[in-house]
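Q: Following is a predicted model, sequence given first.
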Amino acid sequence: MKRMIKLNKKGFTLIELLVVIAIIGILASIVLVSLNDARNKGYDTQVKSDIAQIRNGMEICYDNNNGTYVGCTTAAALGITNLTPPACSSDNTNGYVGVAATSIGVTASTYAIHADLCAGAFDWCLDSTGTAKATAAAVGDNASVCP
């Protein structure tokens, strides 16, 4: 009668541990890239929402000024406060609205508001004609319509 030898194999070999660690590392890097993209999309949603709020203020100011946008270039005139593009936007230091019209071009009957988006090389532009779109073309600081 032959004797069967039982090997009690306990634990993992070094190769098995390294393979598991490599797989976990690959999965973690995929998750981190996805989270960064989701964060930038969230920031872009903030930019779009802020610009829509500025548009609402512009329309109220237009009505209050007897059909003209002149005088509607400051946050106080629009009745809005604390709207700043996120840090990932290159317009973070300029803001959306300024007395010097750095991010908002205004004439008596038209306006255009824009800010850089975080998830790509685009500006989000909104103007008095109702156009709201991402644009790869540069929007001038004194533009009155989106390109």
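A: Good, I have the coordinates.
Q: Quick check: next helix or strand after the helix or strand of the chain with the lowest mean pLDDT?
A: Sorted by mean pLDDT, DSSP states H and E, the helices and strands of the chain end with strand 104-106, the least confident at a mean of 61. Next helix or strand after strand 104-106 toward the C-terminus (DSSP states H and E): strand 111-116.
Q: Keeping just the C-alphas, turn that following strand into PDB.
A: C-alpha atoms of strand 111-116 as PDB (Å, rounded to 0.1, in the frame of the first residue of the first chain):
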ATOM      1  CA  TYR A 111     -23.800  90.900 -23.900                       C
ATOM      2  CA  ALA A 112     -21.700  87.800 -23.800                       C
ATOM      3  CA  ILE A 113     -20.500  86.000 -20.700                       C
ATOM      4  CA  HIS A 114     -17.700  83.400 -20.800                       C
ATOM      5  CA  ALA A 115     -15.300  81.400 -18.600                       C
ATOM      6  CA  ASP A 116     -12.900  78.600 -19.300                       C
END
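Q: Might you calculate how far it sits from the centre of the chain?
A: Its chain's C-alpha centre and that of strand 111-116 lie 13 Å apart, by Cα atoms, centre = their mean, to the nearest Å.
Q: That one pairs with which strands?
A: Strand pairing for strand 111-116, determined by DSSP bridges: strand 104-106 (antiparallel), strand 123-127 (antiparallel).
Q: tell me which element the residue nearest in space to the middle of the chain is part of?
A: Nearest to the mean C-alpha position of the chain, counting by Cα atoms, centre = their mean, stands Asp44 at 2.0 Å. Applying DSSP H and E as the criterion places Asp44 in helix 14-64.
Q: Do me a favour and average the pLDDT over that helix.
A: For helix 14-64, mean pLDDT rounds to 88.
Q: Brilliant, that's me finished.
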